[in-house]
Each structure stands twice: as C-alpha cells, then as structure tokens.
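Engineer: after the sequence you'll find the predicted model.
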Amino acid sequence: VDMLPTLTRRASAYVAERAKTGKPFFLYFALNSPHTPIVPSREWRGKSGLGDYGDFVMETDWAVGEVLAAADKAGIADNTMVVFTSDNGCSPAAGVERLEKEGHFPSAQFRGYKSDIWDGGHRVPFLVRWPGHVKPGATSDQLICLTDFMATCADLLGVKLPDNSGEDSVSILPALLGETNQPLHEAIV
C-alpha cells in the first residue's frame, strides 16, 4: 500500500540530487500502479468515485506530477525528456464492467484488455514532455513499440548499434520531433 508513495519520494529525491551534478542521467521510474494488486494508499481511497482502481489511477497521476514537479523545481525541466507509457492495457481485475457502467472506458473505443490479442490490450498511453523539442499538445498516428526505445536512445546519444542488436527497434525520434509523417514501421508483431 505504501509502495507508490515510497517510489515517488525516492524518484523525486533522485531527480533533485542528480540535477545538482549538472550531468545527464536516466531514471527508469517503474510504477507499481495502476497494476494489480490494486492498492491505493489511505490518502487516495475513495477520491475517484470509481472504486479502488479509479483511486489508484488518481494516485498514479499524482506520482507522475510529483516527479515532474521535482524536475521543474530543480530547474532541469527544459532540458529533460520525460516519457510516460505502459506495457499493456487495463487488467480485467480492475473491475472493467463496473468502470464502464460508471462511464469510464479504460481501453477507450478499443476492444479488449490486458492479456487479450485485441487492440485494447496493447494500445497504451504514450506521453512525452520535452520542452523545445516536442510541441505541447502534439499528436502522432505513428505505430510504435516499446522496443523502439533502444534505437531511439542510441539515436539521441549519437551511438550506432551493432547490426545484430535491436533488429526490431526503430528510432522514433523523427516522430517525436514532428519531422516525419512517413510510417516508421511497416508492422509490429
């Protein structure tokens, strides 16, 4: 129950400490939410009106906001890329039927949830904050995959990957920068 607040405090402190060094850093902030077990902290219980899952999602929003605020406070936000994404769709354990009856559709208009072969199980949020590079409010219809982070990070760092490394990874940097509308992938399996 205390895991998300603990991770959030530690991540925010890490951002503040690393910012003091003036050196680039990478933080992988793997949230335990809103994954199962669905355990919002006491402070967030009952806040959403959508049960524990809704409360846990709200707490997730808070956690991300805290880390963004730490970057802002440390004065590094304008030189920091933040990516928010997920590895799969909403778990049926969230009580999807109840959520949908209350007007919340975790897979939006897509069919399926976590563990399904349908789009709702695989289309996930992908939000980027990178001032001066990614235009606020910009959207893209590019088909991308989390495996693309390997080639994208190499592209950002100016590093050439070996030919036998990350063969299915494609840099999405041109899409992030709004430099292309051409498909980056033919397909993703």
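Structural biologist: Arrived safely.
Engineer: all helices of this protein, in order?
Structural biologist: Remark: helices assigned in the chain by DSSP state H are 3-21, 51-73, 96-101, 148-157, 173-176.
Engineer: between those helices, which one is closest to Val82.
Structural biologist: helix 51-73 (6.5 Å; CB to CB). Where you see a C-beta, it was placed from the backbone N, CA and C, and this is true even at glycine.
Engineer: how about the helices of the chain in JSON lines, adding distance to Lys135 and mean neighbour count?
Structural biologist: JSON lines is the format used below for the helices of the chain (distance: least, CB to CB, whole Å; neighbours: other CB atoms under 10 Å):
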{"stretch": "helix 3-21", "distance to Lys135": "24", "mean neighbour count": "16"}
{"stretch": "helix 51-73", "distance to Lys135": "17", "mean neighbour count": "19"}
{"stretch": "helix 96-101", "distance to Lys135": "32", "mean neighbour count": "14"}
{"stretch": "helix 148-157", "distance to Lys135": "17", "mean neighbour count": "17"}
{"stretch": "helix 173-176", "distance to Lys135": "10", "mean neighbour count": "20"}
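Engineer: which of the ones you listed sits closest to Gly137?
Structural biologist: Closest to Gly137 of those is helix 173-176 (CB to CB; 13.7 Å).
Engineer: let me know the pLDDT of the residue of the chain most remote from its centre.
Structural biologist: Most distant from the centre of the chain: Asp163, at 28.2 Å, with distances by CA atoms, centre = their mean. pLDDT recorded at Asp163 is 92.
Engineer: what number of residues lie near the nearest residue to His185 once chain neighbours are set aside?
Structural biologist: The shortest distance from His185 to any residue other than its chain neighbours is 5.1 Å, reached at Leu143 (CB to CB, 6 or more residues apart in numbering). Leu143: 15 surrounding residues under other CB atoms under 10 Å.
Engineer: so what's Leu143 up against?
Structural biologist: Pro183, Leu184, His185, Ala187, Ile188 (CB atoms under 8 Å, 6 or more residues apart in numbering).
Engineer: the second one - nearest residue in space that isn't next to it in sequence?
Structural biologist: Yep, that's Leu184 we're talking about. The shortest distance from Leu184 to any non-neighbouring residue, by CB to CB, 6+ apart, is to Val170 (5.0 Å).
Engineer: burial check on that neighbour, number of neighbours?
Structural biologist: Neighbour count for Val170, taken as other CB under 10 Å: 24.
Engineer: does it touch Asp148 like I think?
Structural biologist: Yes: applying CB atoms under 8 Å, one finds Val170 in contact with Asp148, separated by 5.3 Å.
Engineer: what's the overlap in contacts for the two?
Structural biologist: Common neighbours of Val170 and Asp148 (CB under 8 Å, 6+ apart) are Leu184.
Engineer: what distance do you get for Asn32 to Ala63?
Structural biologist: 10 Å (CB to CB, to the nearest Å).
Engineer: sounds good, over and out.
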